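>>> how does the following fold in three dimensions:
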Amino acid sequence: MVKKITNLILLLAAMYPLSSSAQNFESTKKTPQVGAAINLSKFPSTDYYNSTKLDQGFSLLYWTGINDKVDYSVRYNGVFTKYSKTSSSNGYINELEGAVHGRLRSDDHLLLPFASIGMGFGNFSKIIVPYIPVGLGLQLNMFSEGYLFLQANYDVSFNTAKQDNHMVYSLAYTVPLFNKPIKQVVSTPPPPESIVISDRDGDGIPDSLDECPDEKGLATLHGCPDRDGDGIADKYDKCPDVPGVAKYQGCPIPDTDGDGINDEDDQCPTVAGTAANHGCPEIKAEVKNKVETNAKSIYFNLSSDELLSTSFKSLDEVADILKEDMNLKLDISGHTDNSGDAANNKILSEKRAKSVYNYLVSKGIDAGRLSSAGFGQDKPVADNKTEEGRALNRRVELKLKYY
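The predicted structure follows:
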């Protein structure tokens with residue numbers, strides 16, 4: 001009998017290539033199953049038991065998938081047998097075992113062989129004996145309505161003094177633990193009646209939504225065209241053939257002085273200049289040198305912000321330069337040496353710079369073109385330890401600029 005059942009499992013395993021194609025099952029992973037099995041156990045003969053036949057038994061089991069190729073199961077086994085290694089036998093053995101089962105293919109195949117290994121406990125000879133069930137099996141997937149399992153396990157005992165290693169053959173049937181949801185059939189509604197949508201210019205935008213229904217346009221511009229591609233519809237674009245910006249109604253940013261630098265980036269938008277000088281013209285070197293030289297001829301009364309008359313000629317020449325180029329501006333900065341109190345020196349330098357400022361305003365220079373500031377002794381240009389150095393540090397600097 002053992003040989004016949006073993007040959008049957010080998011025969012079914014040989015059918016594995018026939019199941020190489022996945023079937024139309026609901027899942028590649030086994031859903032939770034419950035079921036029962038009939039078992040045949042083959043124990044060896046002992047001093048108290050004569051092995052002449054297969055002992056019958058049954059199982060109650062739970063079986064479910066871990067992933068698409070691995071399952072685990074828990075089962076209770078009841079074995080009707082007089083097998084014992086002692087003089088006492090109650091004719092019935094209780095077993096509880098768990099096992100994992102591995103396949104080479106996912107669960108959505110009709111016929112699949114698998115290998116099993118697990119851990120179990122049985123009450124052999126009135127004591128609990130652990131054992132390891134290892135074996136092979138074959139499962140038949142009944143189109144997600146249940147499974148048939150045919151197994152041949154070899155139970156390896158941890159205590160051969162109380163339980164021998166032995167074979168167990170099993171045929172199990174399981175059904176899903178949970179009912180499958182009933183798929184509701186939803187009837188397909190009839191197609192809606194066709195509606196004719198008017199689109200005179202054929203731009204894909206219905207006339208009812210098209211602000212330019214007789215000209216092909218863009219959906220982003222409500223159906224109106226944009227010839228220069230600047231994102232402003234031609235009907236609102238004052239320069240429809242030249243890309244521009246919305247701020248200038250579709251026209252490019254203007255360049256009033258024509259120096260190639262648009263007015264928004266040009267510090268001198270009405271005077272042609274260079275990009276290096278932010279759109280302003282470069283100040284001629286002789287003009288800069290003239291102003292810097294004249295600044296060295298600005299004198300004040302001792303410890304005072306009152307200009308000496310010897311300064312007037314130099315300042316008048318500076319005023320004339322500013323009048324010749326109305327775009328020029330002037331920064332006036334006052335400086336002192338480190339003699340005396342630093343706070344008082346800063347106040348004095350501010351007053352002296354303001355005196356120059358006021359003088360130039362009196363000569364007709366717009367105050368908006370001038371700025372004045374005092375830095376006291378903070379920015380020396382020479383060594384304050386010498387008289388010559390201190391004299392150079394007591395100064396007013398004039399700096400021309402366009403912005």
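
>>> quick one, domains of this protein?
2-17+29-176, 201-252, 285-401 (automatic domain parsing).

>>> output those in a markdown table, with mean neighbour count appended to each entry.
From N, CA and C alone the C-beta is placed, and that goes for glycine too. Shown next, in a markdown table, are the domains of the chain (neighbours: other Cβ atoms under 10 Å):
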| stretch | mean neighbour count |
| --- | --- |
| domain 2-17+29-176 | 17 |
| domain 201-252 | 16 |
| domain 285-401 | 16 |
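
>>> closest to V271 out of these?
Minimum separation from V271 across these (Cβ to Cβ) falls at domain 285-401, 5.0 Å.

>>> ends of the closest one, how far apart?
End-to-end distance for domain 285-401: 12 Å, by Cα to Cα, to the nearest Å.

>>> so where is the protein shaky, pLDDT-wise?
Regions of the chain meeting the criterion pLDDT under 70 cover residues 1-26, 87, 125, 144, 180-185.

>>> center of it - which residue?
T220 (28.8 Å; Cα atoms, centre = their mean).

>>> that one and S349: what is the separation?
60 Å (Cβ to Cβ, to the nearest Å).

>>> where do the strands of this structure begin and end?
Along the chain, the segments classed as strands by DSSP state E run 33-42, 55-65, 70-80, 92-102, 111-124, 127-141, 147-157, 166-176, 329-335, 370-374, 395-401.

>>> export those strands to a markdown table and tack on distance to Q249?
Converted to a markdown table, the strands of the chain look like this (distance: least, Cβ to Cβ, whole Å):
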| stretch | distance to Q249 |
| --- | --- |
| strand 33-42 | 75 |
| strand 55-65 | 69 |
| strand 70-80 | 71 |
| strand 92-102 | 75 |
| strand 111-124 | 75 |
| strand 127-141 | 73 |
| strand 147-157 | 77 |
| strand 166-176 | 72 |
| strand 329-335 | 32 |
| strand 370-374 | 36 |
| strand 395-401 | 34 |
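
>>> show me what contacts the residue nearest to D55 when sequence neighbours are not counted?
Computed as Cβ to Cβ, 6 or more residues apart in numbering, the closest residue to D55 that is not its neighbour in sequence is T81, at 3.7 Å. T81 is in contact with 41, 43, 49, 55, 57, 91-93, counting by Cβ atoms under 8 Å, 6 or more residues apart in numbering.

>>> how about those in TSV, adding distance to G374?
Output for the contacts of T81, formatted as TSV (distance: Cβ to Cβ, whole Å):
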residue	distance to G374
S41	111
F43	114
Y49	119
D55	115
G57	110
G91	118
Y92	113
I93	110
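
>>> which helices and strands does the top helix by length along the chain pack with?
Of all segments of type helix in the chain, defined using DSSP state H, the longest is helix 342-362. Helices and strands touching helix 342-362, by 3 or more Cβ pairs under 8 Å, 6 or more residues apart in numbering; DSSP states H and E, are helix 312-324, strand 329-335, strand 370-374, strand 395-401.

>>> list the contacts of the third one.
This means strand 370-374. Under Cβ under 8 Å, 6+ apart, the answer for strand 370-374 is 329-335, 346-354, 356-357, 360-361.

>>> in its sheet, what does that strand sit against?
Neighbouring strands of strand 370-374 in its sheet, by DSSP bridges, are strand 329-335 (parallel).

>>> quote the end-to-end distance of stretch 141-148.
7 Å.

>>> whoops, I mixed them up, stretch 327-346
First-to-last residue span, stretch 327-346, Cα to Cα: 30 Å.

>>> likewise stretch 29-49?
So stretch 29-49: terminal residues 44 Å apart, Cα to Cα.

>>> centre of the chain to it, how far?
Relative to the centre of its chain, stretch 29-49 is centred 54 Å away, using Cα atoms, centre = their mean, to the nearest Å.

>>> next one: stretch 192-205
Per Cα atoms, centre = their mean, the centroid offset for stretch 192-205 relative to its chain is 41 Å.

>>> go on, stretch 47-66?
57 Å.

>>> now stretch 303-323
Computed by Cα atoms, centre = their mean, the chain-centroid distance of stretch 303-323 equals 66 Å.

>>> kindly report the same for stretch 131-151.
Stretch 131-151 sits 46 Å away from the centroid of its parent chain (Cα atoms, centre = their mean).

>>> likewise stretch 342-358?
Relative to its chain's centre, stretch 342-358 lies at 59 Å (Cα atoms, centre = their mean).

>>> now stretch 151-165
Put simply, stretch 151-165 sits 56 Å off its chain's centre (Cα atoms, centre = their mean).

>>> got the end-to-end distance for that stretch?
Note: stretch 151-165 ends 17 Å apart using Cα to Cα.

>>> contacts for that stretch?
5-6, 9, 43-44, 46, 85, 116, 120, 122, 124-125, 127, 129-138, 166-172.

>>> can we see that at 6 Å?
9, 44, 85, 124-125, 127, 129-137, 166-170 (Cβ atoms under 6 Å, 6 or more residues apart in numbering).

>>> returning to that earlier point: with distance to N277 added, can I get the helices and strands packed on helix 342-362 in JSON lines?
Formatted as JSON lines, the helices and strands packed on helix 342-362 follow (distance: least, Cβ to Cβ, whole Å):
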{"stretch": "helix 312-324", "distance to N277": "18"}
{"stretch": "strand 329-335", "distance to N277": "13"}
{"stretch": "strand 370-374", "distance to N277": "19"}
{"stretch": "strand 395-401", "distance to N277": "10"}
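
>>> mind checking which of these is nearest I66?
That would be strand 395-401 among the helices and strands packed on helix 342-362, by Cβ to Cβ, at 79.9 Å.
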